[in-house]
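1. Predicted model follows, preceded by the sequence.
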Amino acid sequence: MVAAEQAVFDTGVSVDALMLRAGTAAGEMIWRIGGCVPTLVLCGPGNNGGDGYVIAQFLRDKGVPITVAALAEPRTEAARKARARFAGGVIALADAVPAPQIVDCLFGSGLTRPLDAPVWDRFKALVLRARRSFAVDLPSGADADRAVWLNDPLPFDHVLALGALKYAHVLEPVASDCATLSLIEIGVTSPDNAATRITRPLIAPPDARSHKYRRGLVMVLAGPMPGAALLAARAAQGTGAGYVKILGAGEPPAMLPADIVWQRADDAAAVAEALCDPRIGAVLAGPGLGRDCAAEALLDAALACPHPLVLDADALHLLGSRRDAVRDRKAPIALTPHHGEFIALAGEEDGALNKAARAARLAAALGACVLYKGADSVIAAPDGGTIIADRRCAWLSVAGTGDVLAGCIAARLANHGETLHALAEAVWLHDRAARDAGPAFTAWQLAEALPLAVEFCLER
């Protein structure tokens, strides 16, 4: 956002003019939502406070009963001009009383330290006693870049992001406290290297020339817990794969459906031979794989195969000394860690970096696309490209849904071979299927809901 604003200033637009533009646009949104409800606007000493004075004057002109409470005198030239234009009176924050509607303009995206306890306590009490709360750009008390609360978490009904979304708008733990998030256009353009928010994919349906191998053969490696591999296989079917096989030792499990093929391979040599099949579109290793010597041999065979590869669950814990094998692969590879698996791969978190930056750093280090899973999922490519999937369905917090997601990824990767796109498609479809499945679903029910999610994305 700093770079985007500077690009606007370089065209001759002043900070004062951009503040007027931002405050007026935010005021318009508040007016549309809140109408003439008596409103308390809290202004800080910086440019976020300047936005607050512009908003207050806009609402005052609309006939809204306005009270402005300031933490301190404006300290920037643009904020001083904004306060001078405000035609009403200003009281101290300490003297403010609760109002039905509150607008937080104390501190914006530049905050890097907690608010002092007396200020925070007063601010929090005013916000919690309002019937409707707005935060302009970002809730005060949140760090925009690290996407963490510097003070206690404080929920807001509406958060009005100025110009572009910040990391705290879409990454936890702050994102959950931004109930309704609105982007307020102020005439800035995000840089080309900015992270993007996930969008509904467009999926081409099969054409008249399609057959099961052209749509994608997915090979799922099975370990001592074949149920996880079976979940992934069913998900791959529901996400569009033309043919799904499970490669495992011994006889097939009794629960194997008739439309999923069990290919027997009793040792690592047989697995390696099976993975040489040129018709394979993608290989999935990890769900139910185990972490013993046999699992390590399966992982080595998967890393050595010439096909696009998805590594999930147990496979991520076994990578360890195999990082060079990941970096040296010529075929695409995707790693799909949840938080614990990410720590096993990357080590302890760097508190100075947000989740997106940590995922991007791991992707660059391994030369692989990384999906860092969670309520906020981050997809990172080795070249720095980042896609964020925020506010994912909370009902996904049930055993087996990660296996389903792995199968989705493998199916999309087998279909077109583009790793970053396959991850984004699968994450979106996974979340959509969860919403279609209704509450309290099982992982198998989630897999069964995937075809409806795919239908929603078909190119017409």
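-> Perfect, thanks for sending it. Numbering: from 1, shown residues only.
2. Give me the mean pLDDT for stretch 165-177.
-> Across stretch 165-177, the average pLDDT comes to 96.
3. packing partners for the one helix or strand residue 300 maps to?
-> Element membership for residue 300, per DSSP states H and E: helix 293-304. Helices and strands touching helix 293-304, by 3 or more CB pairs under 8 Å, 6 or more residues apart in numbering; DSSP states H and E, are helix 268-274, strand 280-285, strand 309-311, helix 314-318, helix 323-328. Heads up, the C-betas are built off the backbone N, CA and C, glycines and all.
4. who touches the lowest-mean-pLDDT helix or strand in the chain?
-> When each helix and strand of the chain is scored by mean pLDDT, DSSP states H and E, helix 2-9 comes last, with a mean of 88. For helix 2-9, the surrounding residues in contact (CB atoms under 8 Å, 6 or more residues apart in numbering) are 15, 18, 163-164, 187-191.
5. can you put these in JSON lines and add secondary structure and neighbour count?
-> Output for the contacts of helix 2-9, formatted as JSON lines (DSSP: H, G, I helix; E, B strand; the rest coil; neighbours: other CB atoms under 10 Å):
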{"residue": "15", "secondary structure": "helix", "neighbour count": "17"}
{"residue": "18", "secondary structure": "helix", "neighbour count": "21"}
{"residue": "163", "secondary structure": "coil", "neighbour count": "23"}
{"residue": "164", "secondary structure": "coil", "neighbour count": "20"}
{"residue": "187", "secondary structure": "coil", "neighbour count": "14"}
{"residue": "188", "secondary structure": "coil", "neighbour count": "20"}
{"residue": "189", "secondary structure": "coil", "neighbour count": "12"}
{"residue": "190", "secondary structure": "coil", "neighbour count": "15"}
{"residue": "191", "secondary structure": "coil", "neighbour count": "11"}
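6. ok, of the residues you listed, which one's closest to residue 148?
-> For these, the residue nearest residue 148 by CB to CB is residue 164; the value is 19.3 Å.
7. so how far is residue 183 from the closest one?
-> Counting by CB to CB, to the nearest Å, the separation of residue 164 from residue 183 is 7 Å.
8. Next: residue 241.
-> For residue 241, the distance to residue 183 - CB to CB - is 36 Å.
9. Comparing those two, which shows the higher neighbour count?
-> Set residue 241 next to residue 183 and count neighbours by other CB atoms under 10 Å: residue 241 wins out with 26 against 15.
10. That one in helix, strand or coil?
-> Here residue 241 takes the coil state, with states given by DSSP: H, G, I helix; E, B strand; the rest coil.
11. and the nearest residue to residue 109 once chain neighbours are set aside, what does it touch?
-> In this structure, residue 109 finds its nearest non-sequential neighbour in residue 144, 3.7 Å apart by CB to CB, 6 or more residues apart in numbering. By CB under 8 Å, 6+ apart, the contact list for residue 144 reads 108-111, 138, 166-168.
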